[in-house]
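A.B. asks: would you be able to build a 3D model of this:
(2 chains, ligands or ions: 3)
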Amino acid sequence: MKAAIWAGVDEVTVEDVPEPQLLNDHDVLLRIHKTVTCGSDLHLIGGYIPAMRSGDVLGHEFLGTVVEKGRAVQRVQVGDRVVVPSFVACGSCWYCSQELYSLCDNGNPDPGITEGLWGQSPGGCFGYSHAMGGYAGSHAEYMRVPYADVGCFVVPDGVSDTRALFASDSVTTGWTGAHLGGTQPGDVVAVWGAGAVGQMAARAAMLLGAEQVVVIDRLPERLAQVRTHIGAEAVDFSTTDVVAELRERTGGRGPDVCIEAVGMEAHSTGVQGAFDQVKQQLRLQTDRPSAVREAIRACRKGGSVFVLGVYAGMVDKFPLGALMNKGLTVRGAQQHGQRYVPEILAHMESGALTTEHLATHTMPLSQAAEGYRIFKAKEDGCVRTVFEPGS
Amino acid sequence: MDRLLRQAAGLGGAALGKLQHTRIPGVGQASTTEPADVAARRWRAVTVFRDDLAGPFPELEALGPDLEVRMQPAAGGRGTELYGRFHGTPDADRIGELRAALRRTKQLAEVGEVLRVDPATHGTRRPTPQGAALEGAAARAPREGVL
Ligand SMILES: NC(=O)c1ccc[n+]([C@@H]2O[C@H](COP(=O)([O-])OP(=O)(O)OC[C@H]3O[C@@H](n4cnc5c(N)ncnc54)[C@H](O)[C@@H]3O)[C@@H](O)[C@H]2O)c1
Ligand SMILES: [Zn+2]
Ligand SMILES: [Zn+2]
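C.D. replies: Residues are numbered from 1 along each chain as shown, chains lettered A, B, ... in the order given. Ligands and ions are numbered 1, 2, ... in the order given. Modelled structure (predicted):
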């Protein structure tokens, strides 16, 4: 079958690879209908996460049909149209019982790598390097999904493929940030990054009752989507002092909840930007944290900062003093998708949550290299490239 | 310039490891702060999310009579703590076997099977030194970590 693989730094190719097979009793095999580029892939493709091996199949946001199931699978049936969160979770360990699915104890068969780096191993993720389990990703005609009864969610008939697709990662990630960031009815929420993740964090905050939501980015077409499709306020960080702007828009208080959806390749200007770039290249810091710094600075006293953007290692010039003296709560997570997908699909069905505008580009899987090039360059207003392996 | 950058990067990595107690996978799993023989004699443990956990544990028994095993209820209703420790001072390979066996025992008790990932579907693997190192690290990963 055809699959899009990582062939080396900044190199995506499409190759013939063996079809996957059932390996565990709780597995299913899916035929993939739609599979998407994610900002996280850019960190992988660019070599910022070193545990990629040439030949690894990319992709972790996808929708498909069950074509084969293992002996122990009960809830999911062959023929079901399902959406699957990116993280692999067993449903039986203590973390899963707490609905912290991306922290599942039994989701990563290679826990030694991340334990060594971080002291503990989070769960595994499809198409996300050998640090996260070495699972083949979804940019392929067929894919294996372990713990299928926990991870596969049947899409209601009234919800289109393109809308449901984003319940796999973008929406679930945004929802994780807005919910675990502690968004309360009446809150002011600021979101850094107007990619699919940031936009969906903003929409989730609104559905959780936030009264005012502001999204920060510099790309005009994304800021326009924020205004028209999300219904939130938009601020351009390339022409505005973000902290001052947020202060002015919130009666001097600052946002109650600040959600960072940018990640380790954040753009920044001036001395801070140059400093971070050089240190990242020298491996003295692995990640560029400018949006997190700004969120900590902007947040109201006693407020909460949620880190959704992906970081791998160390950052520098972290404003610990502001964090401590302002009494902030800082939290982060990979998405706990299994917890939120049912609620998200219900909002999709009712029409309160729409995602079709994120799919700015759709192409056959054979054009994966071009799809990633456009996505990476943010060319032609690209927010997400959707690949269709069947076409 | 290129060489200089690479050297600086290497030094940067080493310094970070030391400062943050980070262990680069495959480069020795001993503690960064305590003598290797002290680290080797520690109990290794997993918490299994079951109150009724009971042996036999074939994965642990397979490690031979040198292995001491004990259990105790975990605080806060988190299940049962399962501990293993070899008599004497085991080498890194033995400890690796113990880690892997504890992890497998936990999975068997919690989900009824051990999760597999190989053979994973993949395309052409280029023979690069970095790739080979990573494959080695991934192969060793079930036996490594801080456990
Ligand atoms: N936690 C999770 O489970 C999870 C899941 C999916 C993605 N992510 C991460 O979330 C982040 C965003 O993902 P995405 O797919 O939306 O990525 P994306 O690349 O499409 O969007 C990132 C956006 O951030 C903007 N940006 C850059 N620097 C900024 C700054 N200083 N201030 C404000 N905005 C800035 C960019 O212009 C871009 O629009 C990535 O780091 C990704 O890895 C995390
Ligand atoms: Zn993602
Ligand atoms: Zn679990």
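A.B. asks: OK, contacts around residue A:288?
C.D. replies: A:264-266, A:268, A:276-277, A:280, A:315 (C-beta atoms under 8 Å, 6 or more residues apart in numbering or on different chains). All C-beta atoms are positioned from the backbone trio N, CA, C, and that covers glycine.
A.B. asks: please name the bridge partners of it.
C.D. replies: residue A:265 (DSSP bridges).
A.B. asks: you'd agree residue A:6 is in a helix?
C.D. replies: No - Residue A:6 sits outside any helix when classified using DSSP: H, G, I helix; E, B strand; the rest coil, being strand.
A.B. asks: that one contacts residue A:54, doesn't it?
C.D. replies: Yes - here residue A:6 reaches residue A:54: they are 6.6 Å apart, a contact under C-beta atoms under 8 Å.
A.B. asks: ok now do the residue of chain B found nearest ligand 3, which residues does it touch?
C.D. replies: Across chain B, the shortest distance to ligand 3 (C-beta to the ion) belongs to residue B:110, at 7.3 Å. Shown in contact with residue B:110 (C-beta under 8 Å, 6+ apart): A:90, A:92-93, A:105-106, B:48-50.
A.B. asks: quick check, nearest of the residues you listed to residue A:330?
C.D. replies: Proximity of the contacts of residue B:110 to residue A:330 (C-beta to C-beta) peaks at residue A:105, which lies at 24.0 Å.
A.B. asks: for the stretch 151-300 of chain A, what spans make up the helices?
C.D. replies: A:161-165, A:170-180, A:196-207, A:220-225, A:242-249, A:270-281, A:290-298 (DSSP state H, counting those that start in this stretch).
A.B. asks: which helix or which strand is home to residue A:137?
C.D. replies: Assigned by DSSP states H and E, residue A:137 belongs to neither a helix nor a strand.
A.B. asks: okay, now it: neighbour count?
C.D. replies: 28 (other C-beta atoms under 10 Å in any protein chain shown).
A.B. asks: how about it, phi and psi?
C.D. replies: phi -90, psi -170 (degrees, to the nearest 10).
A.B. asks: that one contacts residue A:58, correct?
C.D. replies: Yes - with contact defined as C-beta under 8 Å, residue A:137 reaches residue A:58; the gap is 4.7 Å.
A.B. asks: ok, residue A:6 and residue A:54, which is more surrounded?
C.D. replies: residue A:6 (27 against 21).
A.B. asks: for ligand 2, see how far away residue A:206 is.
C.D. replies: Using C-beta to the ion, to the nearest Å, residue A:206 is found at 21 Å from ligand 2.
A.B. asks: for that residue, which non-adjacent residue is closest in space?
C.D. replies: residue A:213 (5.6 Å; C-beta to C-beta, 6 or more residues apart in numbering or on different chains).
A.B. asks: that neighbour: how many residues sit nearby?
C.D. replies: By other C-beta under 10 Å, 27 other residues sit near residue A:213.
A.B. asks: now do the contacts for it.
C.D. replies: A:188-191, A:202, A:205-206, A:230, A:232-233.
A.B. asks: how much space between the residue of chain B closest to ligand 3 and residue A:161?
C.D. replies: 34 Å (C-beta to C-beta, to the nearest Å).
A.B. asks: show me what residue A:235 bridges to in the sheet.
C.D. replies: residue A:216.
A.B. asks: residue A:29 now?
C.D. replies: residue A:68, residue A:144.
A.B. asks: how does chain A divide into domains?
C.D. replies: Using automatic domain parsing, the domain ranges for chain A come out as A:2-169+A:335-388, A:173-332.
A.B. asks: if you rank the contacts of residue A:213 by neighbours, which is first?
C.D. replies: For the contacts of residue A:213, the largest number of neighbours (other C-beta under 10 Å) sits with residue A:191, at 37 neighbours.
A.B. asks: give me the spatial nearest neighbour of the residue of the stretch 51-200 of chain A found nearest ligand 1, chain neighbours excluded.
C.D. replies: Taking C-beta to the nearest ligand atom, ligand 1 has its nearest neighbour within the stretch 51-200 of chain A at residue A:195, 2.1 Å off. The spatially closest residue to residue A:195, leaving aside those adjacent along the chain, is residue A:39, at 5.2 Å (C-beta to C-beta, 6+ apart).
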